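Colleague: Mind looking at a prediction? Sequence and model below.
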Amino acid sequence: MSVSQRRTHLIGRLRHRKTREREGLVLAEGIRAVGEALKAGAEPEFAVVSPRLETLAWGTDLLATLRERVGDIERVGDAELDALADTERPQGVLVVFRQPSRSDASVVTGGRCLVLDAVQDPGNVGTLVRAATAFRVDGVVALDGTADPWGPKAVRASAGMVFRTPVLQAGAEAALELLALAGIPVLVAEASGTDVAALPFQASWALAVGNEGAGVREAFRSVARRSVRIPMPGPAESLNAGVAGAILLYALTREVRGER
């Protein structure tokens, strides 16, 4: 069987942000990303699978789940799926999902959120969304200039966790207004800040992480209650945004886990 030309074109177009936003669709590839999306209750449009899926760990289980959850599954050869996939080593499955709709309030309901300020690498964006989910952060705000959290590379880097955590894409002014209305203080990741391990416990916060070059924009720095840093005794000058943000989230949620 061969994927229709219409769907082949759609899958290709979903690699572009404008198409994703217009269609309200998300492309997920790989066993983990697709599996997590299904566990999170994401609504599948259709799936494309190849024989390779059943040769990989958990592939048979995922295929069984797809048969239960997805009414429209197209089976193709490995070579055809490889041509459709965006990964170097496709795992024999890709699924087009409806992008989950979230209210602005859902991002800040619990009082702890992560703000991505012009984090341009989709791998870092996905890593930070995954970390936010791992440490039970209530939501993620992706400011203008940030790579699309729903892009295929970001979805893969998040291991599908982007379907589990509320993600809001917003301009800086709108995001600051939302945080102010919710009474959530802003923390800024900055090399000159306070050692995050010494920070007194805060029940709510919005941690703003910028890119390695420019850092966090002035609009957020000017309203921040405090800036925080990761002490690094080694010779490295900096960490990439994904690693730094994950460490900061771990430190900020220690009390929640009863470790302090």
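Modeller: Cool, the structure landed. From a predicted model like this one, the values you see are computed outputs, not experimental measurements.

Colleague: contacts, neighbours, all on C-alpha from now
Modeller: Will do.

Colleague: gap between Gly30 and Leu187?
Modeller: For Gly30, the distance to Leu187 equals 35 Å [CA to CA, to the nearest Å].

Colleague: whoops, Ile11 was the one
Modeller: For Ile11, the distance to Leu187 (CA to CA) stands at 39 Å.

Colleague: And for Arg15?
Modeller: Counting by CA to CA, the gap from Arg15 to Leu187 is 33 Å.

Colleague: which of the two has more neighbours?
Modeller: Leu187 (22 against 17; other CA atoms under 10 Å).

Colleague: Tell me which stretches of this protein form helices.
Modeller: 5-13, 17-23, 31-39, 59-69, 78-84, 104-108, 122-134, 152-157, 172-182, 218-221, 241-252 (DSSP state H).

Colleague: and the nearest residue to Arg20 once chain neighbours are set aside, what is it in contact with?
Modeller: Nearest residue to Arg20 in three dimensions, chain neighbours excluded: Leu14, at 5.3 Å (CA to CA, 6 or more residues apart in numbering). Applying CA atoms under 8 Å, 6 or more residues apart in numbering to Leu14 gives the contacts 20, 25-27, 151.

Colleague: Swap in 7 Å and give it another go.
Modeller: The contact partners of Leu14, taken as CA atoms under 7 Å, 6 or more residues apart in numbering, are 20, 26-27.

Colleague: Mind putting those into CSV with neighbour count?
Modeller: Listed next are these as CSV, based on neighbours: other CA atoms under 10 Å:
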residue, neighbour count
Arg20, 20
Val26, 24
Leu27, 29
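
Colleague: for the longest strand belonging to the chain, which positions count as buried?
Modeller: In the chain, assigned by DSSP state E, the strand with the most residues is strand 186-195. Judged by neighbour count using 16 or more other CA atoms under 10 Å, the buried positions of strand 186-195 are 186-191, 194.
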